[in-house]
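> fold the following, please.
(one chain, ligands or ions: 1)
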Amino acid sequence: MNKKNILITGSSQGIGLEIAKHFANNHNVYITGRYEEKLKNLCEKYFFKGYKAIDLTKDNAPKMLFDNLNIDVDILINNAGVYFYSPIREMNKEDIINSIRLNSLAPYELIKYYIPYMKQQKWGRIINIGSISGVMGEANASIYSMTKASLVGLTKSLALEVAQDNITVNIINPGWVDTELINNESLEQDFTKDEIIETIPQRRFVTPSEIASTCEFLISDNAKTITGQSINICAGLSLGY
Ligand SMILES: NC(=O)c1ccc[n+]([C@@H]2O[C@H](COP(=O)([O-])OP(=O)(O)OC[C@H]3O[C@@H](n4cnc5c(N)ncnc54)[C@H](OP(=O)(O)O)[C@@H]3O)[C@@H](O)[C@H]2O)c1
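Okay, here's the model as predicted:
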């Protein structure tokens, strides 16, 4: 495959950073997050092509990211996300709105801005990072589950819309991955990491590099007929007990 421009949102740490590192040798990788200095250092360390610091919960942020980066994106990986573990009655309006903006609206809008180029060149790959919580229920994570489920619908409908343009759209739904996201105070009040592992059929976390490897497959020529698919990488979590 020739060098592609790959934009990965939420790539300052965790799963997104691992995906970025995975592609850095062979492609032009662009990373995002909220903190300028952190992104600048990562770019220097891993030879990423560029970065943009932006808070994707802010109004108009997807358009600003598109305008400021000013690149033709061949592969868009919508990875930035926020997790709340909280009973519905305790969720405040601001966190509800920000969850929707970051987890659902930003991916939708970024696709809207980046897809015309993909259509024009008749090649593109879009990968949304959902969650197993968007496919199954998760008690006390209703806003997260709701926003991640929305990405499944987006993925399927958009895949149909661009099916004849040589653009594939898929969603990866990770189970528990040991990143900052699960170092969450309210989650930790209810479960230790060992207790989480006890709920996973394979009794292990998924690793960020396992998500990155699936991304690599999905952008490859071998996966060109795989589109609109919702792929659970969850160590068996979606199967029940
Ligand atoms: N870890 C898991 O168990 C798990 C399971 C299923 C799905 N996922 C999904 O996988 C994706 C990556 O998660 P992760 O575990 O790698 O989480 P993480 O370590 O918390 O990383 C989240 C990334 O999103 C960025 N981000 C957060 N808020 C943002 C905002 N308002 N505007 C722009 N960027 C923002 C963060 O950048 P800065 O903080 O530097 O701004 C960071 O790069 C998420 O969509 C998550 O829902 C994770």
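> please list all residues in contact with Leu218.
Contact criterion C-beta atoms under 8 Å, 6 or more residues apart in numbering gives Arg125, Ile127, Thr168, Asn170, Ile172, Ile226, Ile231 as the residues in contact with Leu218. (Each C-beta comes from the backbone N, C-alpha and C, glycine too.)
> can you give me the buried ones in the one helix or strand it maps to?
Assigned by DSSP states H and E, Leu218 belongs to helix 208-219. Counting neighbours by 16 or more other C-beta atoms under 10 Å, one finds that the buried residues in helix 208-219 are Pro208, Glu210, Ile211, Ala212, Thr214, Cys215, Leu218, Ile219.
> longest single strand anywhere in the chain?
For the chain, the longest strand by residue count, based on DSSP state E, is strand 167-174.
> residues from the protein in reach of the ligand?
Those residues of the chain that sit near the ligand, judged by C-beta under 6 Å from any ligand atom, are 10-16, 33-35, 38, 55-57, 79-83, 102, 129, 131, 174, 176-177, 179-182.
> the residues you listed in strands, which ones?
Using DSSP E, Gly33, Ile129, Pro174 are the members of the residues of the chain next to the ligand that sit in strands.
> related to what we said a few turns ago, after the longest strand of the chain, which helix or strand is next? Please name it.
Once strand 167-174 ends, the next helix or strand along the chain (criterion: DSSP H and E) is helix 185-190.
> picking that back up, chain center to the helix holding Leu218: distance?
With C-alpha atoms, centre = their mean, to the nearest Å as the basis, the distance from the averaged C-alpha position of helix 208-219 to the chain average is 12 Å.
> list the buried residues in stretch 160-174.
Buried positions in stretch 160-174, judged by neighbour count with 16+ other C-beta under 10 Å: Val162, Ile167, Thr168, Val169, Asn170, Ile171, Ile172, Asn173, Pro174.
> OK, contacts around the first one?
Read it as Val162. By C-beta under 8 Å, 6+ apart, the residues touching Val162 are Ile115, Met118, Lys119, Gly124, Val169.
> distance of it from Thr227?
Relative to Thr227, Val162 is positioned 8 Å away (criterion: C-beta to C-beta, to the nearest Å).
> pull up the overlap in contacts between these two.
When contacts are counted by C-beta under 8 Å, 6+ apart, Val162 and Thr227 have Val169 as shared neighbours.
> and the biggest helix by length in the chain, what's its mean pLDDT?
Looking across the chain with DSSP state H, the single longest helix is helix 142-161. For helix 142-161, mean pLDDT is 98.
> likewise stretch 233-241?
Averaging pLDDT along stretch 233-241 yields 92.
> and for stretch 197-211?
The predicted model gives stretch 197-211 an average pLDDT of 97.
> what comes up buried for it?
Along stretch 197-211, these residues count as buried under the neighbour rule (16+ other C-beta under 10 Å): Ile197, Ile200, Phe205, Val206, Thr207, Pro208, Glu210, Ile211.
> for the most centrally placed residue in the chain, grab phi and psi.
Note on the chain: the residue nearest the mean C-alpha position is Asn79, at 1.9 Å, using C-alpha atoms, centre = their mean. For Asn79, the backbone dihedrals (degrees, to the nearest 10) come out as phi -110, psi -30.
> list the contacts for it?
Ile8, Thr9, Gly10, Ser11, Ile15, Gly16, Ile19, Ile129.
> tell me how far it lies from Glu37.
Asn79 is 20 Å from Glu37, where distance means C-beta to C-beta.
> enumerate every residue touching the residue nearest to Ile19 when sequence neighbours are not counted.
In space, Ile19 comes closest to Ala212 once its chain neighbours are excluded; the distance is 4.5 Å by C-beta to C-beta, 6 or more residues apart in numbering. Under the criterion of C-beta under 8 Å, 6+ apart, the neighbours of Ala212 are Ile15, Glu18, Ile19, Lys21, His22, Phe23.
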